[in-house]
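1. Build me a model from this:
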Amino acid sequence: MKTVLITGASRGIGAAIAKKLNKSYNLILTYKENKEKALNLLEDLRKENPNVIAVKCDVKNEDEINSLFDLSEKNFSHVDILINNAGISYFGLIQDMTLSDWNEILRTNLSSIFLTSKRAIPNMVSQKSGVIINISSIWGSLGASFEVAYSASKGGVNSFTKALSKELLPSNIRVNAIAPGIVDTDMTKFDLSKDDKKSLKEDLIEKRFAKSEEIANLVEFLISDKGSYITGSIFDINGGFY
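-> Numbering: from 1, shown residues only. Below is the predicted model of the structure:
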């Protein structure tokens, strides 16, 4: 059974991915602050799959990433599939943003995938197989007003994905990104007003936001053998918004 590491898996898209993959893979789930949600998820997943662990990890901290992989390798030998889902947002005017805020966004959303990928790749190269999926955003291509740092970080994720896919092609390692539009998660609940949500839904198929499960469905396909010829791609899943 292959092993999947999912960062930011305590809720939202990360939790949906974990549930989708639970029956078919060993799972390593990371969380930073939502310990209760992570442990509740772990308990539910272990009802069907005993090969699941949850690890507290700040993904922008190299020492914690190294500890995460040490623990993962101790439990499951090596990581076959890496899903970089952890991320944070910032909503506000650029002139009101501090350098500390900016660095927090870039380190969490972009530097983290450098750290996890760097640690996962050597074993993938030795196995001559592996998959890396980076969760990006529609705003990485379009840019969003009041979300300059977030948009910049996700644009970086897209470029990182395309470049790394070329670097790892000789080792048969596939690297792709998924760029959701607006997904019905806790992040959306806090960042958008009721009127904003109503207005945005008018431009979407079925007049609704995406469900986390719909992102998980695409992840499941891309990491499987059915997606074996796909690498270096950014997949838009946004209900026709873009």
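2. Which helix runs longest in the protein?
-> Using DSSP state H, we find that the single longest helix of the chain is helix 148-168.
3. which ones are touching the most centrally placed residue in the chain?
-> Centroid-nearest residue in the chain: N85, 1.6 Å away (criterion: Cα atoms, centre = their mean). Neighbouring residues of N85 by Cβ atoms under 8 Å, 6 or more residues apart in numbering: 6-9, 13-14, 17, 135. C-beta: built from backbone N, CA, C; applies to glycine.
4. Okay, buried residues for the longest helix of the chain please.
-> Neighbour-count burial for helix 148-168, counted by 16 or more other Cβ atoms under 10 Å, picks out 148-158, 160-162, 164-165, 168.
5. can you list contacts of the next helix or strand after it?
-> Downstream of helix 148-168, the first helix or strand assigned by DSSP states H and E is strand 173-180. Taking contacts as Cβ under 8 Å, 6+ apart, the residues outside strand 173-180 that touch it are 13, 121, 124-125, 129-138, 140-141, 154, 157-158, 161, 164-165, 168, 210, 215, 218-219, 222, 227-228, 230-238.
6. what do you get for stretch 110-118?
-> Counting by Cβ under 8 Å, 6+ apart, 5, 7, 59-60, 62, 65, 82, 84, 86, 132, 134, 153, 156-157, 160, 164 sit against stretch 110-118.
7. Only alpha carbons, please: show that stretch as CSV.
-> The C-alpha atoms that make up stretch 110-118 are tabulated as CSV, following Å, rounded to 0.1, in the frame of the first residue of the first chain:
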residue,chain,number,x,y,z
LEU,A,110,5.2,28.7,-0.8
SER,A,111,8.4,28.0,1.2
SER,A,112,6.6,25.1,2.8
ILE,A,113,6.2,23.2,-0.5
PHE,A,114,9.9,23.7,-1.1
LEU,A,115,10.7,22.2,2.3
THR,A,116,8.4,19.2,2.0
SER,A,117,9.3,18.5,-1.7
LYS,A,118,13.0,18.7,-0.9
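8. Average pLDDT for it, rounded please.
-> The pLDDT scores in stretch 110-118 average 98.
9. try stretch 222-235
-> Stretch 222-235 shows a mean pLDDT of 98.
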